[in-house]
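Colleague: Need coordinates for the following:
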Amino acid sequence: MSSWAWDLVQSVERATDTQALFDVIDASAKTLGFEHCAVGMRLAAPVSRPRTFMMSSQPRAWRTRYVSAGYLGSDPTVRNGALSEAPQIWSDEVFRDAPELWSEAQSAGLRHGWAQSSLDAVGLGTMITVSRSSEPITASEIKEKLLRIQQLGHMAHLAFQQRLGSRSEQIVELTGREKDVLRWAADGATSAQTAAALRVKADTVNFHVKNATAKLGTSGKTATVARALLMRLLD
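Modeller: Numbers count the residues shown, from 1 in each chain. Next comes the predicted model:
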């Protein structure tokens, strides 16, 4: 299993409160080459008026402006992130319908960013946004860092849910084969690569991933790996 993912799990486990947990996420974002990180999540309760939880290391003046201007309601990355886990790389096109927000963010030094959502099986989600003032995010960087950014987002989603009391853990037992395929997935292996390593068919690998995902109540393979790691099911 990759040392990056394992180190992240251990750091998350040591976090004693939400600030310490955010500091772990923020530090991990910095190791990936970003100056700032923001985490936003929608809490499950109360159902009639769901709350939004946000923490950020972005410049204080920008955080204040974002709230006072009500940009949460018009931020296209937030709107898109509620529907899809696809990576969102900031651009003029992404912010086409929110030019004022985009202009002010750039003036605050937030010029190049990546928003990544983690949506669970019941539709609740968390979005992490990592950003920096210089060096555009290239296609090669997206390919290189996609798995880690996704893992970071899922770890944040699950860990903040636990800290804020939005998720109660259930006893889950994975089979040996389910653990095997998730360990390979944690290192970024495809179903075909995992199948070759375990000398089984790709369909068999996908079958075990599907079963583990159902047991853990997650929305996909990367989220399943993240939750299994946090629950120490892959030790």
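
Colleague: check contacts around the residue located most distally from the centre of the chain.
Modeller: Here the centre of the chain is the reference, and by C-alpha atoms, centre = their mean the most remote residue is Arg199, at 31.1 Å. Taking C-beta atoms under 8 Å, 6 or more residues apart in numbering, we find Arg199 in contact with no residue. Every residue, glycine included, has its C-beta placed from N, CA and C.

Colleague: roughly how far apart are it and Ser91?
Modeller: 44 Å (C-beta to C-beta, to the nearest Å).

Colleague: How is this protein divided into domains?
Modeller: 3-163, 176-230 (automatic domain parsing).

Colleague: neighbours of Ser140, just the number please.
Modeller: If you count neighbours by other C-beta atoms under 10 Å, Ser140 ends up with 8.

Colleague: what's the host helix or strand of it packed up against?
Modeller: Per DSSP states H and E, Ser140 falls inside helix 139-163. Secondary-structure packing of helix 139-163 (3 or more C-beta pairs under 8 Å, 6 or more residues apart in numbering; DSSP states H and E): helix 3-14, helix 18-31, strand 36-42, strand 112-119, strand 125-132, helix 221-230.

Colleague: roughly how far out does it sit from the chain middle?
Modeller: For helix 139-163, the gap between its own C-alpha mean and the chain's C-alpha mean amounts to 4 Å (C-alpha atoms, centre = their mean, to the nearest Å).

Colleague: wait, what's in contact with the most centrally placed residue in the chain?
Modeller: Residue closest to the mean C-alpha point of the chain, counted by C-alpha atoms, centre = their mean, is Gly153 at 1.1 Å. Residues near Gly153 by C-beta under 8 Å, 6+ apart: 116-118, 126-128.
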